[in-house]
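**Student:** sequence first, then the predicted structure, then my questions.
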Amino acid sequence: MSKKKGKVYLVGAGPGDVAYLTVKAYHLLAKAEVLIYDALVDEQLLQCVSPDCLQINVGKRGGQQSTPQSEINWLLVRHCLQEQQVVRLKSGDPFIFGRCTQEIQALQASGCEFEVVPGISSALAAPLMAGIPLTDAVLSRCFAVFTAHEPDVLDWEALSRLETLVILMGGRCLPEIVQQLLRNQRSPSTAIAIIRQAGTPHQKIWIGELNNILEQTANISLSPVVIVIGEVVRLSKNSGSLRTPML
């Protein structure tokens, strides 16, 4: 009989609701002996695992307490070397701002077997759920996805020239995002959508322009949020009050 080997699965949970979990991810959760998970939008994801599964919450939500990355790496290696089936569950897709590289390097250094399982990124799903196409033959021939976690290191001059921007982790930095774009010649009437908790029953959407979105969202907690900036926002069914763009 072959000896049981441990393995770590780095799994994307999708944008929020458990309904957007992939079939493969669902089956892996059902067989997991250890679940190490980030702060999840939908707690129902935890119902997919066995009652005997060890569940470890490591946080990873902006502005809240979370487990140091070095400790997460150690947990993955430790449980894998104990010959357990480990699911490392991350929101969205593991390779879209999921900090997988450090975890993979730790696993490789310890000789641990691992597999990456894709998930639906909120960068793609949230605009779709708000009725916003990221590409359009006239309005958006390309789009850029980035995180506003460190806005001061971004090349705002280059970003402001792109037709469509999708920004993750930008709720607390919204005033700076608006200021940087206006400072770099983006029109004040540029359309913007704020999509909070996309893909859940609590989804909320604010649509406006760079010159009024801060007023609309003042004193509101926006996390977790996806921000879409560009004229494609006007194609959303929610944007009826916005002026039609000049083509």
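**Tutor:** Sure thing, it's come through. Worth saying up front: this structure is predicted, and the values here are computed from it rather than measured. Numbers count the residues shown, from 1 in each chain.
**Student:** mind listing what's buried along the longest helix anywhere in the chain?
**Tutor:** Looking across the chain with DSSP state H, the single longest helix is helix 69-81. Of the residues in helix 69-81, those buried by neighbour count under the rule 16 or more other CB atoms under 10 Å are Ile72, Asn73, Leu75, Leu76, Val77, His79, Cys80. Bear in mind the C-beta positions are built from the backbone N, C-alpha and C, glycine included.
**Student:** identify the farthest-apart pair in those residues.
**Tutor:** With distances taken as CB to CB, the most widely separated pair in the buried residues of helix 69-81 is Ile72 and Cys80, at 12.7 Å.
**Student:** can you verify my assumption that Glu33 contacts Cys53?
**Tutor:** Yes - taking CB atoms under 8 Å as the definition, Glu33 is a contact partner of Cys53 at 6.1 Å.
**Student:** OK, contacts around Ala191?
**Tutor:** Residues in contact with Ala191, defined by CB atoms under 8 Å, 6 or more residues apart in numbering, are Ile207, Gly208, Glu209, Ile229, Gly230, Glu231, Val232, Val233, Arg234, Ser239, Leu242, Pro245.
**Student:** one more pass at 10 Å, please.
**Tutor:** For Ala191, the set of contacting residues under the criterion of CB atoms under 10 Å, 6 or more residues apart in numbering consists of 132, 139, 164, 207-210, 213, 228-236, 239, 242-243, 245.
**Student:** derive a PyMOL selection command for the buried subset of these.
**Tutor:** In PyMOL, the members of these classed as buried (16+ other CB under 10 Å) are selected with the following command:
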select buried, resi 132+139+164+207+208+209+210+213+228+229+230+231+232+233+234+235+236+239+242+245
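**Student:** narrow the contacts of Ala191 to those in helices?
**Tutor:** With DSSP H as the criterion, helices contain Ile213 from among the contacts of Ala191.
**Student:** taking the contacts of Ala191 one by one, which sit in strands?
**Tutor:** Assignment to strands by DSSP state E places the following of the contacts of Ala191 there: Thr164, Ile207, Gly208, Glu209, Val228, Ile229.
**Student:** for the third one, give me its contacts.
**Tutor:** Going by CB under 10 Å, 6+ apart, Gly208 touches Ala191, Ile192, Ala193, Ile194, Leu214, Glu215, Gln216, Thr217, Val233, Ser239, Ser241, Leu242.
**Student:** mind doing that once more with 6 Å?
**Tutor:** Gly208 makes contact with Ile192, Gln216, according to CB atoms under 6 Å, 6 or more residues apart in numbering.
**Student:** gap between it and Val49?
**Tutor:** 41 Å (CB to CB, to the nearest Å).
**Student:** likewise for Asn212?
**Tutor:** When CB to CB is applied, the distance between Asn212 and Val49 equals 44 Å.
**Student:** neighbour-wise, which of those two wins?
**Tutor:** Neighbours per residue (other CB atoms under 10 Å) separate Asn212 from Val49, with Val49 holding more: 21 against 13.
**Student:** still on that earlier bit, which SSE is immediately downstream of the longest helix of the chain?
**Tutor:** From helix 69-81 onward toward the C-terminus, using DSSP states H and E, the following helix or strand is strand 85-90.
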